[in-house]
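S.K.: below are the sequence and a predicted model; questions follow.
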Amino acid sequence: MAFRVMRNKRNQRWNQRLQEIFQEWDMNQTGAISLEQMTEIYRIYKVELQIEDVKPRLDKSGQIKKSDFIEHSIEAKLLDLKDSSNTRKTVGGTPKKNKDKEEWKRRKEMKGKGSSSGLLCCISRQDRDQDIKYQEDLNRVEAAFRQFDTDGDGFIDWDEFKQVAKN
């Protein structure tokens, strides 16, 4: 009984996180993402995406709906970092850094228009009105990020995060 409750709570967390991931990539808010976007998501999580398994879920325009994305990602154990079975097939090797940097820059530009952008959310709006203090805070946040992003790809991956957590 206790294991079932724990499994249900884990599945709820995964479902919520997969919805968030989908929303981040569904920039036009159409309720669907492209196969290329899904491939990129799986590459970021270092999980092998079997295109043949996804093709039946694609609509006529080659897009995958949120419900199909979540269902497939749960089946593929996209977020199950502790899976020791062969169900979750990870991809070896390092990601292409230039592609990651381009994506990161593009997302930064998109989010920077109007609302706060991800990394800078910890700087209060009042501070943003004070240009000098805002720039100092911005420089501190960016310097800390660069320090933790040891491979310079614009992301803090799991290994880098573990290194930060040790300190």
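M.R.: Yep, that arrived.
S.K.: can you map out the strands along the chain?
M.R.: Per DSSP state E, the chain carries strands over the ranges 32-34, 63-65.
S.K.: redo the ones you listed as CSV? Include distance to residue 135.
M.R.: (C-beta placed from N, C-alpha, C; glycine too.) Shown next, in CSV, are these (distance: least, Cβ to Cβ, whole Å):
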stretch, distance to residue 135
strand 32-34, 35
strand 63-65, 41
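S.K.: need those strands in TSV (columns: distance to residue 138, mean pLDDT and mean neighbour count).
M.R.: Formatted as TSV, these follow (distance: least, Cβ to Cβ, whole Å; pLDDT from 0 to 100; neighbours: other Cβ atoms under 10 Å):
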stretch	distance to residue 138	mean pLDDT	mean neighbour count
strand 32-34	31	93	19
strand 63-65	36	94	19
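S.K.: nearest to residue 142, of these?
M.R.: Closest approach to residue 142 among these is made by strand 32-34 (29.2 Å; Cβ to Cβ).
S.K.: residues near the closest residue to residue 74 other than its chain neighbours, how many?
M.R.: Among residues not flanking residue 74 along the chain, residue 14 sits closest, at 6.2 Å (Cβ to Cβ, 6 or more residues apart in numbering). The number of residues packed near residue 14 is 17, by other Cβ atoms under 10 Å.
S.K.: got a list of what residue 14 touches?
M.R.: Going by Cβ atoms under 8 Å, 6 or more residues apart in numbering, residue 14 touches 74, 79, 80.
S.K.: many thanks, we can stop here.
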